[in-house]
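>>> I would like the atomic coordinates for the input below:
(chains A, B, C and D)
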Number of protein chains: 2
Amino acid sequence: MTEPLPLADRVAKDIRDLLITGALAPGQRLSEAAFSERLDISRNSLREAFRLLTKDGLLRHEANRGVFVSVPSTDSIIDIYRVRRMLECGALRQAWPKHPAVAVMRGAVEHARKQHDLADWREVGSANMKFHAAVVDLSDSSRLSDFYARVAAELRLSFGLLKDPEQLHSPFVDMNAQILELVEKGEVVEAASQMELYLNLSERTVLKALERIAR
Amino acid sequence: MTEPLPLADRVAKDIRDLLITGALAPGQRLSEAAFSERLDISRNSLREAFRLLTKDGLLRHEANRGVFVSVPSTDSIIDIYRVRRMLECGALRQAWPKHPAVAVMRGAVEHARKQHDLADWREVGSANMKFHAAVVDLSDSSRLSDFYARVAAELRLSFGLLKDPEQLHSPFVDMNAQILELVEKGEVVEAASQMELYLNLSERTVLKALERIAR
DNA sequence: GCATATTTGTCCGTATGTATA
DNA sequence: CTATACATACGGACAAATATG
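Now for the predicted structure:
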């Protein structure tokens, strides 16, 4: 009773985890033969999983050359932050203070603060992303939430390139708390413009860090 | 030099066309054996194409039962219009009157008017959808544009259920023209709220028509 | 409720074309 | 330029799940 999912879906999820944890480096080529043997599945099933992940933007398919882990570019970062501004600010602007997602936001903020004190930056980052996913959930649209999850996974691919995740997430915990407070008070327009500040700052941080890596 | 695309991608596109033209009815089951023979491809390749279309929401995959053409529900319509309000109104609110997409919008409006006079309602509908896709293009985000295209295809599946496309698209041509005019004058906030009216009206029209079909 | 036929899920072998050392 | 490695695509096979009579 515990395997309702098609193999391709399970494999896609496994590979997705490998990608966002950084076990697979951007630009790396994924050989069908080698990978299907490593995961102990057939090439056909692996190819189905590859199609799914390509649709998610995590893998790139080059004709007759195979699939590669996507390499985050400056352009893709800029594009992703345009998406985030649209979805997150838009969700806040029409938010309802008693929406169930607000409780999730609060839980994420509290968890982030706890992990921040413990200096567990990885967990701070996870809580951070959970907060922003909850913001999009305020829109009550499963399609928007799914789309955001996909874009967030792509962004996490970029984070994997960066060292020093403390710089990346730590300063933003308080900003999330402030946004949450505004939402709870019903000052949703203020919350939205605060979020815009957040995203602009975050975008600059990521671009700067990425630029430093690219020499 | 004319076949750069993988077979699965080409097949997915072919099936997508069959879906939005109504050649395949919602709820219909797509047998792997029958369909692979009809399209003259192997089952494996067809399964890859199915994965892509499932990701697009056009097909549904039921475990060990096969794939079916998605059946548009009231919930999905409501969800899709939430997406449209978020993307289209958001794009207009930050639009720039000299953006290249504005020219596309104008072309779509003019074309719709011409086809409207010729009573070619199918073309009116196509021009209508092109107009709104161009609106999203104002955001300058390829991810948002792709996402919108995917949702629009899903919506078109619902339109296929409806007869009388005149009722569906005809009254909206003038509203598009008005929105375009506002954008060209730089009154983007007005354009956005006009778009919200448009979408609310369109949503109600589709839901009403769908409800009538469901008895 | 049961036996049977159909269909999906998954794997393997292999031929062909393309890219690269 | 040749040789090799690999992706692409096909067809066949069989078990498991499902639908059918």
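
>>> A:Pro97 contacts A:Glu184, correct?
Yes - A:Pro97 is within contact range of A:Glu184, at 5.6 Å (criterion: Cβ atoms under 8 Å). From N, CA and C alone the C-beta is placed, and that goes for glycine too.

>>> which residue does chain A bring closest to DNA strand D?
Per Cβ to the nearest atom of the strand, A:Gly66 is where chain A lies closest to DNA strand D, at 3.3 Å.

>>> remind me which residues of chain A are low pLDDT?
A:1-5, A:215 (pLDDT under 70).

>>> The residue most central in space within chain A: what's it in contact with?
Centroid-nearest residue in chain A: A:Ala152, 2.2 Å away (criterion: Cα atoms, centre = their mean). Residues near A:Ala152 by Cβ atoms under 8 Å, 6 or more residues apart in numbering or on different chains: A:Met129, A:His132, A:Ala133.

>>> for A:Asn64, same thing?
Contacts of A:Asn64 (Cβ under 8 Å, 6+ apart): none.

>>> and if you look at A:Ala108?
So A:Ala108 contacts A:Ala127, A:Asn128, A:Lys130, A:Phe131, A:Ala134, A:Asn176 (Cβ under 8 Å, 6+ apart).

>>> Please tabulate those in a markdown table, including the columns secondary structure and distance to B:Glu88.
Putting these into a markdown table (DSSP: H, G, I helix; E, B strand; the rest coil; distance: Cβ to Cβ, whole Å) gives the following:
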| residue | secondary structure | distance to B:Glu88 |
| --- | --- | --- |
| A:Ala127 | helix | 32 |
| A:Asn128 | helix | 29 |
| A:Lys130 | helix | 28 |
| A:Phe131 | helix | 27 |
| A:Ala134 | helix | 24 |
| A:Asn176 | helix | 28 |
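
>>> Which neighbouring elements make contact with the longest helix seen in chain A?
Longest helix of chain A, by residue count under DSSP state H: helix A:188-213. In terms of contacts (3 or more Cβ pairs under 8 Å, 6 or more residues apart in numbering or on different chains; DSSP states H and E), helix A:188-213 is packed against helix A:74-84, helix A:90-93, helix A:142-161, helix A:165-169, helix A:173-184.

>>> Residue numbers of chain A in contact with chain B?
Residues of chain A lying close to chain B by Cβ under 8 Å from any Cβ of the partner chain are A:4-6, A:8, A:44, A:47-48, A:51-52, A:55-57, A:61, A:63, A:79-80, A:82-83, A:86-87, A:90-91, A:139-144, A:147, A:151.

>>> so which of those residues also contact DNA strand C?
Residues of the residues of chain A next to chain B in contact with DNA strand C (Cβ under 7 Å from any atom of the strand): A:Pro6, A:Ala8, A:Asn44, A:Ala63.

>>> rewinding a little: just want the angle from the longest helix of chain A to helix A:173-184.
Counting by axes from the mean of the first three to the mean of the last three Cα atoms, to 10 degrees, helix A:188-213 lies at 160 degrees to helix A:173-184.

>>> What distance do you get for the residue nearest to the centre of chain A to A:Ala177?
Counting by Cβ to Cβ, to the nearest Å, the gap from A:Ala152 to A:Ala177 is 20 Å.

>>> ditto for A:Val188
Taking Cβ to Cβ, one finds A:Val188 at 16 Å from A:Ala177.

>>> what do you get for A:Arg10?
For A:Arg10, the distance to A:Ala177 - Cβ to Cβ - is 37 Å.

>>> returning to that earlier point: how about the contacts made by the residue of chain A closest to DNA strand D?
With Cβ under 8 Å, 6+ apart, A:Gly66 has these contacts: A:Arg29, A:Leu30, A:Ser31, A:Glu32.

>>> Buried subset of the residues you listed, written for ChimeraX?
Buried members of the contacts of A:Gly66, defined by 16 or more other Cβ atoms under 10 Å in any protein chain shown, are picked up in ChimeraX with:
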select /A:30
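
>>> Quick check: the two most widely separated of the contacts of A:Gly66?
Farthest-apart pair in the contacts of A:Gly66 is A:Arg29 and A:Glu32; separation 10.2 Å (Cβ to Cβ).

>>> give me the element A:Leu24 is part of.
Per DSSP states H and E: A:Leu24 is located in neither a helix nor a strand.

>>> quick one: it and A:Arg38 touch, right?
No - contact status for A:Leu24 versus A:Arg38: not in contact, 11.4 Å apart, counting by Cβ under 8 Å.

>>> out of those two, which sits in the more crowded spot?
Between A:Leu24 and A:Arg38, counted using other Cβ atoms under 10 Å in any protein chain shown, the more crowded position is A:Leu24 (20 against 11).

>>> Would you check how far apart that one and B:Arg10 are?
28 Å.

>>> about what we covered before: can I have the buried ones of the ones next to DNA strand C among the residues of chain A next to chain B as a ChimeraX selection?
Buried residues among those (16+ other Cβ under 10 Å), as a ChimeraX selection:
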select /A:6,8,44
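
>>> A:Leu157: which of the ones next to DNA strand C among the residues of chain A next to chain B is nearest?
For these, the nearest to A:Leu157 is A:Ala8 (20.8 Å; Cβ to Cβ).

>>> in what helix or strand does that closest one lie?
Judged by DSSP H and E, A:Ala8 forms part of helix A:7-20.
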